[in-house]
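Enquirer: Need coordinates for the below:
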Amino acid sequence: MSDAPAFLDSPRGRTFRALRHVGFRRLYTATMLSQLGFWVANMTNQEVARSLSAGSPQALGLLVMFMHLPQLLLAPLTGVAADRFSRRRIIMASYSASASLVALLAILQHAGLLTLPLLYLIGLGIGTANAWVGPSNMAAVADSVPPRDLASAVSLGSVAMNLTRVVGPLVAALVLVRFGPAPAYATFALALVLVIYLFSRVQLRAVRRDTSVESVWGRLRTGLEHARERHPALPVLITVSVLSVFGVSHSTLHPAFAQHTLGRPELFPVLGAATGIGAIVGALSTGVRGKPLSLRRCGRHVVAFGAALMLFGLTRSPATAIAAQVVVGYFYFSTLTMLQTLVQQEIDDAKRGRVMSLFGVGWGGLMTIGGPLMGQVAEHWLSTPMTIFAGGAVCAAFGLYRWMGGGDRPGAPRYTAAPE
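Expert: As a prediction, the model looks like this:
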């Protein structure tokens, strides 16, 4: 007889409890595969942009802007759609569009026809497809498990994202060095075909759909009001936004940092892999500890994240830079896992898509601002290392504000669902 059920009910097995549910297991497998392909394509896009622009930080920032702009602009539509229509069908349709566009990149690159403007344009299309996936996928995680296993599902989701963040750059580096960008794009396109099949087999629990007749903007306003009512959802969204603009956007400068500061452009994928290694440990540690979640606890992690980012900006040693990225990854994704769990526990199913679309805007959509901003500052005002250092300082200061109780509302009602 297997000891797995007993382990999952123990404190040490808390992180893995969501794996008891077959719907979550299928969703988890599909998400891991899609994220693995995403990182391969993302690293390939950055490498192609670097080679076409001679390592220009501004060009790299523009690529990030085009990839994430749809997430910012389409949030009112994608969040409402996730609450009103089948989340599984939205995900499958979006991945079908992504597969077609990535296949086009592979063809253009193989034929020697891919230019920087074309890369931006197709990147905009892929970003549009990803914008539709985001809210539905995050909401589907909650649909695949009972409320008591939600923290486990969110934690495992972060682990999957960051495991692929480690493996993806390594696979990308191997494929890029051995075969070049076109096969790397083709790898992602084939992975998406399998992802679509896996999602066709996922069954999610029935949830109450929003059947109101409000306009799109009215529904978005309702989502914002819901976030404001369900403390700490609104402070969580603000914290994610600050981290995105001033913190995670520093990854836009990784290719330029590796080439111009460290003098070793081949370390670019290694920096991404180091971040992912730390991120896996950070996401897992959040689920294993089982400590009560709070804005103050998140603030402590944001301070540590900012300090590690400042160290990364100051160093000229490849070994120190890689070590600093491990720490950056640990504290960023431990914070992100806590923040997503905090907000997912507090919101209603009928409004989950809208609120999580706002979470997605803060997490990825605002890189549309942060990426170009860091590229512009690094190219025209500060150096690349000092731009990264300044971003880390902003994050550390904001984290200290949260740590000291800024934005918290002691005694505010909590709506966390009771365990089943």
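
Enquirer: Distance of residue 252 relative to residue 64?
Expert: 5 Å (CB to CB, to the nearest Å). The way it works is simple: take the backbone N, C-alpha and C, and place the C-beta from them, glycine included.

Enquirer: Overlap in contacts, these two.
Expert: Common neighbours of residue 252 and residue 64, using CB atoms under 8 Å, 6 or more residues apart in numbering, are 367, 370, 371, 375.

Enquirer: list the contacts for the third one?
Expert: Meaning residue 371. Neighbour list for residue 371: 60, 61, 63, 64, 65, 68, 249, 252 [criterion: CB under 8 Å, 6+ apart].

Enquirer: Skipping adjacent residues, who's closest to it in space?
Expert: Spatial nearest neighbour of residue 371, excluding adjacent residues (CB to CB, 6 or more residues apart in numbering): residue 64 at 3.1 Å.

Enquirer: wait, that neighbour sits on residue 366?
Expert: No. With contact defined as CB atoms under 8 Å, residue 64 does not count as touching residue 366 (10.8 Å).

Enquirer: Between the two, tell me which one has more neighbours.
Expert: residue 64 (28 against 24; other CB atoms under 10 Å).

Enquirer: Next up, identify which helix or strand the more buried one is on.
Expert: Secondary structure from DSSP states H and E places residue 64 in helix 57-73.

Enquirer: and the very next helix or strand once past that helix, what does it pack onto?
Expert: Using DSSP H and E, the helix or strand that follows helix 57-73 in sequence is helix 75-84. Applying 3 or more CB pairs under 8 Å, 6 or more residues apart in numbering; DSSP states H and E, one finds that helix 75-84 contacts helix 116-143, helix 216-229, helix 352-360.

Enquirer: Distance check, the closest residue to residue 22 other than its chain neighbours against residue 139.
Expert: Excluding the flanking residues, the one nearest residue 22 by CB to CB, 6+ apart is residue 203, at 8.0 Å. Separation of residue 203 from residue 139 (CB to CB): 15 Å.

Enquirer: so who does residue 173 touch?
Expert: 43, 269, 270.

Enquirer: between the lengthiest helix in the chain and helix 116-143, how big is the angle?
Expert: Taking DSSP state H as the criterion, the chain has its longest helix at helix 22-53. Between helix 22-53 and helix 116-143, the angle comes out at 160 degrees (axes from the mean of the first three to the mean of the last three CA atoms, to 10 degrees).

Enquirer: Tell me which other helices or strands helix 22-53 touches.
Expert: helix 57-73, helix 87-110, helix 116-143, helix 150-178, helix 181-200, helix 254-256, helix 268-289.

Enquirer: Name the residues of the second one that are buried.
Expert: The one in question is helix 87-110. For helix 87-110, the neighbour count (16 or more other CB atoms under 10 Å) marks 87-88, 90-95, 97-99, 101-106, 108-109 as buried.

Enquirer: what residue ranges in the stretch 101-250 of the chain score low on pLDDT?
Expert: Within the stretch 101-250 of the chain, the ranges that satisfy pLDDT under 70 run 147, 151, 158-159, 161-163, 165-166, 169-170, 204-224, 226-231.

Enquirer: count of residues packed around the nearest residue to residue 248 once chain neighbours are set aside?
Expert: Nearest residue to residue 248, sequence neighbours excluded (CB to CB, 6+ apart): residue 332, at 6.5 Å. Residue 332 has 27 neighbours, counted by other CB under 10 Å.

Enquirer: Just the pLDDT for residue 332.
Expert: Per-residue pLDDT puts residue 332 at 84.

Enquirer: The helix or strand where it lies packs against which elements?
Expert: Using DSSP H and E, the element containing residue 332 is helix 318-346. Helices and strands touching helix 318-346, by 3+ CB pairs under 8 Å, 6+ apart, are helix 116-143, helix 150-178, helix 233-246, helix 268-289, helix 295-314, helix 352-360.

Enquirer: go again using 7 Å as the cut-off
Expert: When contacts are defined as 3 or more CB pairs under 7 Å, 6 or more residues apart in numbering; DSSP states H and E, helix 318-346 packs onto helix 150-178, helix 233-246, helix 268-289, helix 295-314, helix 352-360.

Enquirer: Name the stretch among the ones you listed that sits most buried.
Expert: helix 352-360 (a mean of 29; mean count of other CB atoms under 10 Å).

Enquirer: Can I get the host helix or strand of residue 379 as CSV, trimmed to CA atoms?
Expert: For residue 379, the host element (DSSP H and E) is helix 367-380. Extracted C-alpha coordinates of helix 367-380, given in CSV (Å, rounded to 0.1, in the frame of the first residue of the first chain):
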residue,chain,number,x,y,z
MET,A,367,6.9,45.3,-18.0
THR,A,368,5.7,47.2,-21.1
ILE,A,369,6.7,50.2,-19.0
GLY,A,370,9.5,48.8,-17.0
GLY,A,371,11.4,47.1,-19.8
PRO,A,372,11.6,50.2,-22.2
LEU,A,373,12.2,52.4,-19.2
MET,A,374,15.2,50.5,-18.0
GLY,A,375,16.5,50.2,-21.6
GLN,A,376,16.1,54.0,-22.1
VAL,A,377,17.7,54.9,-18.8
ALA,A,378,20.6,52.4,-19.3
GLU,A,379,21.3,53.7,-22.9
HIS,A,380,21.0,57.4,-22.4
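
Enquirer: Just want the angle from that helix to helix 57-73.
Expert: Going by the same axes, to 10 degrees, helix 367-380 makes 160 degrees with helix 57-73.

Enquirer: can you list the residues that contact the next helix or strand after helix 367-380?
Expert: Where DSSP H and E defines the elements, the next helix or strand beyond helix 367-380 is helix 384-403. Where contact means CB atoms under 7 Å, 6 or more residues apart in numbering, the residues beyond helix 384-403 that reach it are 57, 239, 242-243, 246-247, 250, 253, 256-257, 260-261, 295-296, 298-300, 302-303, 305-307, 309-310, 312-314, 374, 377-378, 382.
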